[in-house]
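Chemist: pasting the sequence and the predicted coordinates here, then a few questions.
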Amino acid sequence: MRDLQNGIGALRLLGYRFEHINSPRDDDLVLFGWFLWPQHHDRLLISGLGVAVATRVTRTGHLDPRDATWSCEGDAEAVVWALVDLPPPIE
């Protein structure tokens, strides 16, 4: 079943790490996930409002999102599964 919890579980099985971050507003807990490839860095940010952003950036600079080689933004469930389905980068 491709729901949000299973998607996060699939990312964990792929080696992604996760951390909860408190936002300035107490009602908006944020989940931050990441995975480090040899030359790339995948990041996932899910707000408590169900919106998410995922990016893959090269690790050659300051990890600036404007240098993303891939990105996806929208509903948390769709973004998480887009990241699960994303093939490994060509290193």
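Modeler: Nice, I can see it.
Chemist: give me the most central residue, this protein.
Modeler: Taking Cα atoms, centre = their mean as the criterion, residue 44 is the residue nearest the geometric centre of the chain, at 1.7 Å.
Chemist: surely it meets residue 16?
Modeler: Yes - at 7.4 Å, residue 44 and residue 16 qualify as touching, with contact defined as Cβ atoms under 8 Å. C-beta here means a position set from N, CA and C on the backbone, and glycine is covered the same way.
Chemist: what's the overlap in contacts for these two?
Modeler: 33-34 (Cβ atoms under 8 Å, 6 or more residues apart in numbering).
Chemist: still on that earlier bit, quick check, the residue nearest to the centre of the chain in a strand?
Modeler: Yes - applying DSSP: H, G, I helix; E, B strand; the rest coil, one finds residue 44 inside a strand.
Chemist: show the pLDDT at it.
Modeler: Looking at residue 44, its pLDDT stands at 95.
Chemist: quick check: beta-bridge partners of it?
Modeler: Beta-bridge pairing for residue 44 (DSSP bridges): residue 33, residue 54.
Chemist: likewise residue 71?
Modeler: As assigned using DSSP bridges, the partners bridged with residue 71 are residue 55.
Chemist: quick one on the thing from earlier: show me the contacts for the residue nearest to the centre of the chain.
Modeler: Neighbouring residues of residue 44 by Cβ under 8 Å, 6+ apart: 11, 16, 31-34, 52-54, 79-80, 83.
Chemist: residue contacts, the residue nearest to residue 70 when sequence neighbours are not counted?
Modeler: Excluding the flanking residues, the one nearest residue 70 by Cβ to Cβ, 6 or more residues apart in numbering is residue 56, at 4.2 Å. For residue 56, the contact set (Cβ under 8 Å, 6+ apart) comprises 40-43, 68-71, 86, 89.
Chemist: fine by me, we can end here.
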